[in-house]
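In: I need the structure of the sequence given here:
(chains A and B)
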Number of protein chains: 2
Amino acid sequence: MIEKSYVVGMDIGGTNTVFGIVDSRGNVLASDSIKTHSYDKIEEYVDAVCSKLTPLLDKVGGAEAIKGMGIGAPNGNYYNGTIEFAPNLPWKGVIPLASLFEEKLGIPTALTNDANAAAIGEMTYGAARGLKDFIMITLGTGVGSGIVINGQLVYGHDGFAGELGHVVVNREGRACGCGRKGCLETYCSATGVARTAREFLAARTEPSLLREIPAEEIVSKDVYDAAVQGDKLALDIFEYTGTILGQALADFIAFSSPEAIVLFGGLSKSGDYIMKPVQKAMEANVLKIYAGKTKLLLSQLKDADAAVLGASALGWEVKEG
Amino acid sequence: MIEKSYVVGMDIGGTNTVFGIVDSRGNVLASDSIKTHSYDKIEEYVDAVCSKLTPLLDKVGGAEAIKGMGIGAPNGNYYNGTIEFAPNLPWKGVIPLASLFEEKLGIPTALTNDANAAAIGEMTYGAARGLKDFIMITLGTGVGSGIVINGQLVYGHDGFAGELGHVVVNREGRACGCGRKGCLETYCSATGVARTAREFLAARTEPSLLREIPAEEIVSKDVYDAAVQGDKLALDIFEYTGTILGQALADFIAFSSPEAIVLFGGLSKSGDYIMKPVQKAMEANVLKIYAGKTKLLLSQLKDADAAVLGASALGWEVKEG
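Out: Have a look, this model is predicted:
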């Protein structure tokens, strides 16, 4: 019998699906990708992944050498191994993706949402190693979260716990894609930063490097580039964004009193521009009994591999069906 | 060897300390109380409890018949069995109360805050029997909470998790006893309801039964009594309070996706006056994936015994030291 020394990780994004083979130390030994939106039928999508994944598996001894496969997907339900009503994916309704891969590859497969996968990845290979209580916040196009309590990921009674990007920070605030108003992600995601830029540019008259870009084309990277140049308005955008995030984190601490909050994703790479106001607002707003206790950390998952690594970590935990 | 068929529960309030002996079905067989503030030294307080508790123990076969003792106390730390810097108790600093009782009585003792004790009580004897994921909200002089995930109470890395009464619902809102502004408890506790009454009476000119009471003397019971008479202003106070609470509950659901939220304590006894607006605002504000999933329940712990019952439930879980 071959020892099961590897796991497969797969991250399903709105644009790309990335997958790879990972060893127990968190090295991505081989990886590949396909375009998520090229496959209208889920069976064709699974076939396309498998035809690119099988050659990678052969390099390490085939499916027999794999302990499990972990999938990170939008609206992923851990309990059922399904993707449910994901607005940005081509397949509608409830998709039993974990069992489709299990049947095709003979590898036990588990599935959860991408932020939960990132949290498990951080706990297995990254900044949260050894932590039993932490909250992972993913700052990407949206804001996601994965909550770990007593060393276990919180899935909730239905598998959908941990949508902290949709906690309301301003009841009369910005319209959110979820249909409500003022969700954290309308302010603290990459798109939220771009919205703030447009708001500030319209409300103020001072000069700014950002005025050289057509307002509708501004992205969060532009704000970062301007901040690096010392642009006052860009720095104010980070201050504003970081303050809202830090205030929200102070409230999250009152829920689970985590040892650390780990920030992950695009916006967290803006370094001190975002981290300093987040840290300051978190400390200024946290309830006294928690003051100074919760560390604010940056993800330590390597950028290019992070999505695959996160999902792969779930592969170590899969129970054989 | 005598079978350990009973537990002791003790609830430490700012005014009274109540304790009793409870069987496995949740019957309080015997109980008594002392005045918390009559004892400046913690040793005298422990002696006073024990001198009244020992005769009760003798009725069921002495300390040998007791599986464990559970204590619910403000600022109680489960991990250390300590009360830490409780502003409303006579003993300052860190008080190792669990070990003081263990030494004195020879009964394994555990301690947590009163809202956590209520959650364990509800799970053991009340509305949350059989539930693995729920949130208990206690609506008393303040607002407390106990969070259960995967059948386990959430204590956090430091033992102080679950202070949902201090989640900020309005950043520019009412001053809170914790030193910050706009905490949930400044609106949705019994004292919060009385503050709302004073605000509404000052801001409006319409007649109200509440105008017959000197503003500073109004308590939440007066608002209830007026609501029962059909008083429009009193009904509006409940609508306002319930809406704020329901909005907050919708955000809490995004954290742990509980099967139920259980309301406990004075304000929850106002029945439909408070429950209807809470339910309505919760459903109107919850993220779509959670809609209609989380039940809103009233505590089923009997009023007079609830505090002792809640604390006693912890006694079943104590590990012998």
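
In: The residue in the stretch 201-321 of chain A positioned nearest to chain B: what's it in contact with?
Out: Nearest residue of the stretch 201-321 of chain A to chain B (C-beta to the nearest C-beta) works out as A:Ser257 at 2.6 Å. In this view, the C-beta of every residue, glycine as well, is placed from N, C-alpha and C. With contacts defined as C-beta atoms under 8 Å, 6 or more residues apart in numbering or on different chains, the neighbours of A:Ser257 are A:Asp133, A:Tyr290, A:Lys293, A:Thr294, B:Tyr155, B:Gly156, B:His157, B:Asp158, B:Gly159, B:Phe160, B:Ala161, B:Gly162.

In: show me where pLDDT drops low in the stretch 101-250 of chain A?
Out: Applying pLDDT under 70 to the stretch 101-250 of chain A flags no residue at all.

In: Okay, strands next: where are they in it?
Out: A:109-112, A:134-139, A:143-149, A:152-153 (DSSP state E, counting those that start in this stretch).

In: want to try TSV for the ones you listed, with distance to chain B as columns?
Out: Putting those into TSV (distance: least, C-beta to the nearest C-beta, whole Å) gives the following:
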stretch	distance to chain B
strand A:109-112	13
strand A:134-139	8
strand A:143-149	6
strand A:152-153	6
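
In: Throw those strands into CSV and include distance to B:Thr138 and mean neighbour count, thanks.
Out: Output for the strands of the stretch 101-250 of chain A, formatted as CSV (distance: least, C-beta to C-beta, whole Å; neighbours: other C-beta atoms under 10 Å in any protein chain shown):
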stretch, distance to B:Thr138, mean neighbour count
strand A:109-112, 32, 27
strand A:134-139, 24, 29
strand A:143-149, 21, 28
strand A:152-153, 25, 16
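
In: where do the helices sit along chain A?
Out: All helices of chain A, identified by DSSP state H, fall at A:42-59, A:97-105, A:114-125, A:185-188, A:190-203, A:220-228, A:232-256, A:272-285, A:306-315.

In: between those, which one is nearest to A:Asp32?
Out: helix A:42-59 (4.7 Å; C-beta to C-beta).

In: what helices or strands is that closest one leaning on?
Out: Packed against helix A:42-59, as judged by 3 or more C-beta pairs under 8 Å, 6 or more residues apart in numbering or on different chains; DSSP states H and E, are the following elements: strand A:6-12, strand A:16-23, strand A:28-35, helix A:97-105.

In: Highest mean neighbour count out of the ones you listed?
Out: strand A:6-12 (a mean of 27; mean count of other C-beta atoms under 10 Å in any protein chain shown).

In: Tell me which strands it pairs with, and in which orientation.
Out: strand A:16-23 (antiparallel), strand A:66-72 (parallel) (DSSP bridges).

In: Just put those in a markdown table and tack on distance to A:Val148.
Out: Putting the strands paired with strand A:6-12 into a markdown table (distance: least, C-beta to C-beta, whole Å) gives the following:
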| stretch | distance to A:Val148 |
| --- | --- |
| strand A:16-23 | 20 |
| strand A:66-72 | 15 |
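
In: Can you tell me how far A:Leu56 is from A:Val28?
Out: 10 Å (C-beta to C-beta, to the nearest Å).

In: which one of the strands of the stretch 101-250 of chain A lies closest to B:Gln229?
Out: Judged by C-beta to C-beta, the one of the strands of the stretch 101-250 of chain A that comes nearest to B:Gln229 is strand A:143-149, at 45.4 Å.

In: Contact distance from chain B - what residues of the stretch 51-200 of chain A qualify?
Out: Proximity of the stretch 51-200 of chain A to chain B (C-beta under 8 Å from any C-beta of the partner chain) is limited to residues A:75, A:84-85, A:132-133, A:147, A:149-150, A:152, A:154-164, A:166-168, A:171, A:178-180.

In: Going through those, which ones are buried?
Out: Among those, those classed as buried by 16 or more other C-beta atoms under 10 Å in any protein chain shown are A:75, A:84, A:133, A:147, A:149-150, A:154-164, A:166-168, A:178, A:180.

In: thinking again about what came up before, same list (the strands paired with strand A:6-12) but as a markdown table, adding mean pLDDT.
Out: As requested, the strands paired with strand A:6-12 are exported to a markdown table (pLDDT from 0 to 100):
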| stretch | mean pLDDT |
| --- | --- |
| strand A:16-23 | 95 |
| strand A:66-72 | 96 |
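
In: where do the contact lists of A:Leu56 and A:Val28 overlap?
Out: Between them, A:Leu56 and A:Val28 share the contacting residues A:Gly20, A:Ile21, judged by C-beta under 8 Å, 6+ apart.

In: who touches A:Gly162 in this structure?
Out: Contacts of A:Gly162 by C-beta under 8 Å, 6+ apart are A:113, A:115-116, A:144-147, A:154-156, B:254-257.

In: If you could redo that for A:Thr196, that was the one I meant.
Out: Contacts of A:Thr196 (C-beta under 8 Å, 6+ apart): A:Tyr187, A:Ile237, A:Tyr240, A:Thr241.

In: how near is it to chain B?
Out: 17 Å (C-beta to the nearest C-beta, to the nearest Å).

In: in the stretch 51-200 of chain A, what residue is nearest chain B?
Out: A:Gly156 (2.6 Å).

In: Please report how far that residue lies from A:Gln279.
Out: Following C-beta to C-beta, the distance that separates A:Gly156 from A:Gln279 is 29 Å.

In: number of nearby residues for the closest residue to A:Gly68 other than its chain neighbours?
Out: Nearest residue to A:Gly68, sequence neighbours excluded (C-beta to C-beta, 6 or more residues apart in numbering or on different chains): A:Val318, at 3.2 Å. Burial of A:Val318 is recorded as 21 neighbouring residues (other C-beta atoms under 10 Å in any protein chain shown).
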